[in-house]
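Enquirer: Take this sequence and fold it.
(one chain, ligands or ions: 2)
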Amino acid sequence: MEALALEKKAAMNQELKQRLIQLKKERNAIILAHYYQRDEIQEVADFRGDSFLLAQKAASTDAETIVFCGVHFMGESAKILAPNKTVLIPDERAGCPMADMVNVDGLRKLKEKHPNAKVVTYINSSADVKAETDICCTSANAVKVINAVDADEVIWVPDKNLGHYVQQHTDKKMIIWEGYCNTHDMLTIKDVVEMKALHPDAEFVVHPECRPEVVAMGDFVGSTTAIIDYCKHSSKQKFIVGTEDGTGYQLRLDSPDKEFIFASRFLVCPNMKVNNLKKLVQCLETMQPQIYVPPAVADAARISLERMLQVK
Ligand code: 13P
Ligand code: SF4
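Expert: Ligands and ions are numbered 1, 2, ... in the order given. Below is the predicted model:
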């Protein structure tokens, strides 16, 4: 961008930030942002986190309005856990393709085929699917959750890659759905080999939504928060990062003197990037779009989310 255009954008963002401060007070609002959001959103958020931390925060906040900067299923989970609050998202088109890969009909058929199995559903799923679920999980607690389930057989939806990773850490029989994250699944062995050749002194840290053969190359495997914590406390100086590029904001904030190289330039979730600062301010201005979950669905889905929050 030209210098003049950059200056103009900075001035506009400054105005937006001022308006945001006023609106937050007027609406008694809290802004929650996933680590995959644009920097300009993470910068103004009251709380940044991965799916698990944000669900916990939504369930416990005193604010009347939650602005959820993430994708639609995250806003839905917030509304389910905090049904009396107004939950806004900056742009309702921010969906998650993986969440759309499983539907209620398909899940019911699988349950009929495996009547003794319990259903463990990744939080990246619709409220309808959660309502058909015994317990939810996120990438941060997936192994703990599955091992806490009171059954030897588990139906796992929708992420096959995370499912494969979890299967290596449990004796339970897993029936794994064929969904995947378009962004993480794009990372290949070739990408990582090339990056390692360029940076032989770097450690490779990877999210379990990546393909099993890519996860197997990791020096460290973990959820977004686990990756951030690992890099912060590691004595290493350089990391090849195998997760979405928005994570760079928190990584650099925590460890300004360390170097983070993303394993591929395609590690960008276009759905997460639909939100921006302007839309964030606009949604608080208009109090739209709001998340709505039919009460009967929300009541059933809440049980599966609350069970997850109780797993220690
Ligand atoms: P976590 O937030 O659990 O790391 O999951 C990553 C993700 O893809 C969220 O959509
Ligand atoms: Fe969905 Fe993947 Fe984007 Fe997360 S990163 S919202 S799982 S598409």
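
Enquirer: When you work out contacts or count neighbours from here on, use the C-alpha atoms and nothing else.
Expert: Noted.

Enquirer: can you give me the offset of stretch 101-113 from its chain's centre?
Expert: Here stretch 101-113 is found 23 Å from its chain centre; the criterion is CA atoms, centre = their mean, to the nearest Å.

Enquirer: likewise stretch 123-139?
Expert: Centroid separation between stretch 123-139 and its chain, computed with CA atoms, centre = their mean, is 13 Å.

Enquirer: Kindly report the same for stretch 26-35.
Expert: 16 Å.

Enquirer: and Glu40, how many neighbours?
Expert: By the criterion of other CA atoms under 10 Å, Glu40 has 15 neighbours.

Enquirer: Chain neighbours aside, what residue packs nearest to Met174?
Expert: Residue nearest to Met174 in three dimensions, not counting chain neighbours: Val154, with 4.9 Å by CA to CA, 6 or more residues apart in numbering.

Enquirer: So that neighbour lies in a strand, does it not?
Expert: Yes. Counting by DSSP: H, G, I helix; E, B strand; the rest coil, Val154 falls inside a strand.

Enquirer: At the contact with ligand 2, which residues of the stretch 51-200 of the chain appear?
Expert: With CA under 6 Å from any ligand atom as the criterion, the stretch 51-200 of the chain meets ligand 2 at residues 71, 96-98, 181-183.

Enquirer: quick one: which of those has the most company?
Expert: Within these, Val71 tops the neighbour count with 26 neighbours, counted by other CA under 10 Å.

Enquirer: residue contacts, that residue?
Expert: Listed by CA atoms under 8 Å, 6 or more residues apart in numbering, the contact set of Val71 reads 94-96, 271-272.

Enquirer: quick revisit: now the residue nearest to Met174: how far from Phe52?
Expert: According to CA to CA, to the nearest Å, Val154 stands 21 Å off from Phe52.

Enquirer: ok, back up a step: may I have the beta-bridge partners of the residue nearest to Met174?
Expert: Note on Val154: beta-bridge partners by DSSP bridges are Lys118, Met174.

Enquirer: For it, list the residues it contacts.
Expert: For Val154, the contact set (CA under 8 Å, 6+ apart) comprises 117-120, 146, 172-175.

Enquirer: how close does it sit to Ile123?
Expert: For Val154, the distance to Ile123 equals 16 Å [CA to CA].

Enquirer: How about Asp39?
Expert: Distance, Asp39 to Ile123, using CA to CA: 24 Å.

Enquirer: which one of the two has more residues nearby?
Expert: Taking other CA under 10 Å, Asp39 and Ile123 do not tie; Ile123 has more neighbours (27 against 18).

Enquirer: Chain neighbours aside, what residue packs nearest to Ile89?
Expert: Phe68 (5.1 Å).

Enquirer: I figured the one you found hits Glu92, correct?
Expert: No. Phe68 sits out of contact with Glu92 when judged by CA atoms under 8 Å, with a separation of 10.6 Å.

Enquirer: residues in contact with the residue in the stretch 151-300 of the chain that ligand 2 sits nearest to?
Expert: Closest contact between the stretch 151-300 of the chain and ligand 2, by CA to the nearest ligand atom, is at Cys181 (4.1 Å). When contacts are counted by CA under 8 Å, 6+ apart, Cys181 touches 97-98, 159, 209-210.
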